[in-house]
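Chemist: build me a model:
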Amino acid sequence: VRAKHYLFLPTIIIAITTIIMSTALTSLLGNDFVNGADLASIVGDAPLVGIYFSAQWCVPCRRFTPKLKKFYDILVAQGTPLPIVFASSDQDEDSFASYFAEMPWHAFKFGDDRIEVLNKKYVVSSIPWLVILNTKTGELVMNEANVMVGEDSDSDGDSAKLAFQKIFLMQDIQKEKLQRTEK
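Modeler: Got it, this is the predicted structure:
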């Protein structure tokens with residue numbers, strides 16, 4: 001009879017681990033976004049999430065946003081979603097709203113205090129700036145990922161997929177380094 005109870009143990013451990021890990025991302029990003037979206041609905045089952053620091057008044061941002069949108073659309077079409085949350089540096093709500101209307105992803109609310117906290121945490125020194133986080137742990141996978149997306153976004157879907165694979169490789173390299181330092 002006792003052996004039957006152990007069959008549920010892996011499922012319970014996975015459920016507890018998922019709750020703990022998703023709490024890390026929620027504590028970092030919060031759970032209240034534009035249009036009433038919550039973090040769980042934004043992230044879904046995706047392994048990574050992007051935070052896109054940008055503003056409507058920023059000329060380099062206005063050039064980069066279409067590249068990021070193309071990259072995003074290609075990944076979605078290929079079944080490799082990369083949820084993105086827009087962190088605006090716009091100076092007024094109308095500019096934020098008109099710029100955000102061009103984007104297919106989600107956003108922090110205009111003037112959200114979390115944007116400044118994340119700016120400092122990831123040392124955002126200019127915009128556009130794209131940060132990639134692990135959705136399970138909240139850990140940084142890649143800072144300034146906009147450089148990588150910009151390299152490959154003018155090409156075909158294979159280039160976008162390759163850029164995404166490079167981001168995953170960075171995650172694996174960081175995980176391996178962490179494991180070595182823990183030993």
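
Chemist: hmm, residue 56 and residue 98 touching each other?
Modeler: Yes: at 6.5 Å, residue 98 and residue 56 qualify as touching, with contact defined as C-beta atoms under 8 Å. In short, each C-beta sits where N, CA and C put it, glycine included.

Chemist: give me the more crowded residue out of the two.
Modeler: residue 56 (20 against 11; other C-beta atoms under 10 Å).

Chemist: do you know the pLDDT at the more buried one?
Modeler: What the model reports as pLDDT for residue 56 is 97.

Chemist: again, but for residue 88
Modeler: 97.

Chemist: in this protein, which ranges drop under the pLDDT threshold?
Modeler: The model of the chain has pLDDT under 70 over residues 1-22, 150-183.

Chemist: what segments of it are helices?
Modeler: Using DSSP state H, the helices of the chain run over 2-6, 9-29, 39-43, 59-77, 93-100, 113-121, 146-152, 157-182.

Chemist: pull the number of nearby residues for residue 47.
Modeler: 14.

Chemist: give me phi/psi at the closest residue in space to it that isn't next to it in sequence?
Modeler: Once flanking residues are discounted, residue 47 sits nearest to residue 135: 5.9 Å by C-beta to C-beta, 6 or more residues apart in numbering. Residue 135 has phi and psi values of phi -70, psi -20 when expressed as degrees, to the nearest 10.

Chemist: now do the contacts for residue 135.
Modeler: Residue 135 makes contact with 22, 25, 43, 46, 47, 48, 49, 83 under the criterion C-beta atoms under 8 Å, 6 or more residues apart in numbering.

Chemist: hmm, try it at 10 Å
Modeler: Residues in contact with residue 135, defined by C-beta atoms under 10 Å, 6 or more residues apart in numbering, are 21-22, 24-25, 29, 39, 42-49, 83, 141.

Chemist: ok, residue 64 next?
Modeler: 52, 54, 58, 127, 128, 129, 130, 146, 149, 150, 153.

Chemist: quick one: buried ones out of the residues you listed?
Modeler: 52, 54, 58, 127, 128, 129, 130, 146, 149, 150, 153 (16 or more other C-beta atoms under 10 Å).

Chemist: surely the second one meets residue 131?
Modeler: If I follow you right, that is residue 54. No: if you go by C-beta atoms under 10 Å, residue 54 and residue 131 don't touch, sitting 11.7 Å apart.

Chemist: common neighbours of those two, please.
Modeler: Here residue 54 and residue 131 have 87, 146 as joint contacts, going by C-beta under 10 Å, 6+ apart.

Chemist: how many residues are close by the nearest residue to residue 134 once chain neighbours are set aside?
Modeler: Nearest in space to residue 134, with sequence neighbours left out and distances taken as C-beta to C-beta, 6+ apart, is residue 141 at 5.5 Å. Other residues lying near residue 141 total 24 when counted by other C-beta under 10 Å.
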